[in-house]
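K.L.:
Have a look at this prediction, sequence included:
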Amino acid sequence: MEKGLLDLHSLLRWFIIIFALAVIFNSIMGVGGKKPFGKKDKRLALFLMISCDIQLLVGLFLYFVGPWGMKNISNMGGMGAVMKDKVSRFWGVEHITGMLVAIILVHIGYSAIKKDIPDSSKFKKLFWYTLLAMVIIMATIPWPFRELVGRPLFPGMQ
Ligand code: HEM
């Protein structure tokens, strides 16, 4: 089950990246073309938020049950030792903190578009919050080229 959830977590990143890019692109088109903010625009942002929330749930499971979360912190003897080890620090602190901040930003963006503000402000807020979230997500994904913490691009790949 843990392997299946790790594979799901790995795959879900692509949904998040694609939805985030779509929201960013759609917001640029919305502001540029002075378009009204419609149901389709809201639904796109909702898809991004839902995929982030599922990712959060799976991530929390991996953190509490998998080898690189709580187990590793207790094996290392606490956060002091975790902070001194690059790999442990990445999984125990950087990945989780970065992704949590990014998911919070996605939520703030979504709640902004529910407010009674001009449509252009909705597109602009969505653009900035999603862009910031995207930068953090890209920076804290364990890409294969990352030294020590690199993981495959897709489940089942080396
Ligand atoms: C946008 C959000 C996130 C993205 C894009 C993301 C992406 C990834 C990727 C690509 C991996 C490597 C998967 C593999 O080995 O094939 C991973 C591993 C992991 N993630 Fe996330 N993650 C996100 C959020 C989170 C959150 C919020 C948590 C914890 C609360 C978390 C906890 C973990 C843990 C513990 C692992 C390592 C699992 C292990 O090897 O045992 N992730 N993540």
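P.N.:
The structure has been received and is ready for your questions.

K.L.:
Could you look up the SS state of the residue of the chain found nearest the ligand?
P.N.:
Closest to the ligand within the chain is G59: 2.4 Å, counting by C-beta to the nearest ligand atom. No exception for glycine: its C-beta is placed from N, CA and C like everyone else's. What DSSP: H, G, I helix; E, B strand; the rest coil gives for G59 is helix.

K.L.:
Contacts only, for it.
P.N.:
The contact partners of G59, by C-beta atoms under 8 Å, 6 or more residues apart in numbering, come to H9, I96, M99.

K.L.:
Next to the ligand, which bits of this protein? Give me the list.
P.N.:
The chain has residues 6, 9-10, 13, 16, 52, 55-56, 59-60, 62-63, 66-69, 91, 95-96, 99-100, 102, 137, 141-142, 151-152 near the ligand, with proximity defined as C-beta under 6 Å from any ligand atom.

K.L.:
In strands, which of those residues fall?
P.N.:
Residues of the residues of the chain next to the ligand located in strands (DSSP state E): none.

K.L.:
so what's L11 closest to, chain neighbours aside?
P.N.:
Spatial nearest neighbour of L11, chain neighbours left out: P155 (5.8 Å); criterion: C-beta to C-beta, 6 or more residues apart in numbering.

K.L.:
Tell me how many other residues surround that neighbour.
P.N.:
14 (other C-beta atoms under 10 Å).

K.L.:
shaky segments in the protein?
P.N.:
Across the chain, nothing is flagged by pLDDT under 70.

K.L.:
Give me the longest helix you can find in it.
P.N.:
helix 2-32 (DSSP state H).

K.L.:
That one packs against which elements?
P.N.:
helix 39-65, helix 119-140 (3 or more C-beta pairs under 8 Å, 6 or more residues apart in numbering; DSSP states H and E).

K.L.:
ok, residues contacting the last one?
P.N.:
This points to helix 119-140. Residues contacting helix 119-140 (C-beta under 8 Å, 6+ apart): 13, 16-17, 20-21, 23-24, 26-28, 30-31, 34-37, 41, 45, 48, 94-95, 98-99, 101-103, 105-106, 108-110, 112-113, 117.
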